[in-house]
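[1] Dropping a prediction and its sequence here:
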Amino acid sequence: MSQLSPAGHMAATLLLILLASAAAAAVSADQQVSACQNDIDALWRSCKQFVQKEGPKMPPSEDCCKTIKALDAHASCICDYVGSPDARNKLDLDKVFFVTKQCGVTVPKGCAATHVKIKTCLPVT
């Protein structure tokens, strides 16, 4: 059985580190996707009646606002979803922006604008 040279040990160690890093990145990406879906599910449970296409425009519940404020840190995930074809089939975007304004949350500039050309993508003041 042959022994690895010091350079061979270093190369093997670097390869193991790279493989471990790649595996950790894949797990992290999966966790981010899962966390994003959990955020969307939480918003749908708490705010559905206030943002769905059917029904009147009405102020959101306290629970809906709490959920929106808690998820404000994950705005990019939510913005991506709001601009998706799935969301456009379910949501009334005028109601979405009305609800966020009522809850005191500013919609990030350009949110959903890459998917949906609407004027309400500008920050809510």
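    It's in. Numbers count the residues shown, from 1 in each chain.
[2] Can you show me the strands along the chain?
    Counting by DSSP state E, no segments of the chain form strands.
[3] which residues of it score low on pLDDT?
    Where the chain drops to pLDDT under 70, the residues are 1-35, 72-75, 112-125.
[4] again, 90 this time
    Within the chain, the ranges that satisfy pLDDT under 90 run 1-44, 68-90, 93-94, 96-97, 100, 105-125.
[5] That one: helices as residue ranges?
    Residue ranges of the helices in the chain, as given by DSSP state H, are 6-51, 62-70, 75-82, 85-90, 93-102.
[6] Can you give me the buried ones in the fourth one?
    Within helix 85-90, the residues scored as buried using 16 or more other CB atoms under 10 Å are residue 87. In this view, the C-beta of every residue, glycine as well, is placed from N, C-alpha and C.
[7] tell me what it is packed against?
    The elements that helix 85-90 packs onto, with contact taken as 3 or more CB pairs under 8 Å, 6 or more residues apart in numbering; DSSP states H and E, do not include any helix or strand.
[8] residues in contact with residue 61?
    The neighbours of residue 61, taking CB atoms under 8 Å, 6 or more residues apart in numbering as the test, are 46-47, 50.
[9] Check the gap between it and residue 87 for me.
    When distance is defined by CB to CB, to the nearest Å, residue 61 is 20 Å away from residue 87.
[10] Kindly report the same for residue 51.
    Taking CB to CB as the criterion, residue 51 is separated from residue 87 by 9 Å.
[11] Repeat that for residue 57.
    Separation of residue 57 from residue 87 (CB to CB): 17 Å.
[12] Kindly report the same for residue 65.
    As defined by CB to CB, residue 65 lies at a distance of 19 Å from residue 87.
[13] got the contacts of residue 61 as a markdown table, with neighbour count and distance to residue 77 columns?
    Below are the contacts of residue 61 laid out as a markdown table (neighbours: other CB atoms under 10 Å; distance: CB to CB, whole Å):
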| residue | neighbour count | distance to residue 77 |
| --- | --- | --- |
| 46 | 20 | 16 |
| 47 | 23 | 15 |
| 50 | 22 | 20 |
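[14] nearest to residue 76, of the residues you listed?
    Minimum separation from residue 76 among the contacts of residue 61 (CB to CB) is found for residue 47, which lies at 18.4 Å.
[15] Having no further points to raise, I will conclude here.
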